[in-house]
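Engineer: The amino acid sequence is not available; the structure is as follows:
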């Protein structure tokens with residue numbers, strides 16, 4: 001009887017551990033509620049697109065989205081496995097951005113958390129790095 005209780009406890013712990021590994025964190029509420037095109041990593045806004053001093057780019061062949069300031073000193077690029085199209089869509093993406101010490105990037109599974117016209121808010125709720133990036137499909 002004692003052996004069954006121990007095995008049951010071990011199985012329960014293993015199930016809970018496996019279940020917690022597959023969960024992702026909900027999108028950052030301020031990111032999803034906002035209307036800005038921006039890059040946000042680990043709760044910190046890295047860049048926000050300013051239409052007066054920034055440019056947007058989109059390449060439908062490579063599914064690459066670009067935002068950069070006019071001097072090309074500050075920028076972020078997003079390359080997606082598929083073109084975002086609707087809320088709930090899951091896709092792989094690589095996000096690369098300029099930083100004071102060079103470039104940084106992250107790759108992960110993103111979900112379309114919000115969609116308005118041709119603008120999509122992509123969220124990666126990985127437990128290590130929560131990241132949100134907004135992309136615009138230019139037509």
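Structural biologist: Perfect, I can see it now. The shown structure was predicted, so the numbers you read here are calculated from the model rather than taken from an experiment.
Engineer: okay, and for the protein, where does confidence drop off?
Structural biologist: Flagging of the chain using pLDDT under 70 yields the residue ranges 1-24.
Engineer: where do the strands sit along it?
Structural biologist: 38-41, 44-48, 54-59, 64-69, 75-80, 90-99, 102-116, 119-125, 130-136 (DSSP state E).
Engineer: Just send these back as JSON lines, with distance to residue 26 too.
Structural biologist: C-beta here means a position set from N, CA and C on the backbone, and glycine is covered the same way. Shown next, in JSON lines, are the strands of the chain (distance: least, Cβ to Cβ, whole Å):
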{"stretch": "strand 38-41", "distance to residue 26": "14"}
{"stretch": "strand 44-48", "distance to residue 26": "18"}
{"stretch": "strand 54-59", "distance to residue 26": "27"}
{"stretch": "strand 64-69", "distance to residue 26": "23"}
{"stretch": "strand 75-80", "distance to residue 26": "21"}
{"stretch": "strand 90-99", "distance to residue 26": "15"}
{"stretch": "strand 102-116", "distance to residue 26": "9"}
{"stretch": "strand 119-125", "distance to residue 26": "7"}
{"stretch": "strand 130-136", "distance to residue 26": "9"}
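Engineer: Now mean neighbour count too, for the ones you listed, in CSV please.
Structural biologist: Converted to CSV, the strands of the chain look like this (neighbours: other Cβ atoms under 10 Å):
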stretch, mean neighbour count
strand 38-41, 20
strand 44-48, 15
strand 54-59, 14
strand 64-69, 20
strand 75-80, 21
strand 90-99, 17
strand 102-116, 15
strand 119-125, 23
strand 130-136, 24
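Engineer: To residue 25, which of those strands lies closest?
Structural biologist: If you check each of the strands of the chain against residue 25 by Cβ to Cβ, strand 119-125 wins as the nearest, at 3.9 Å.
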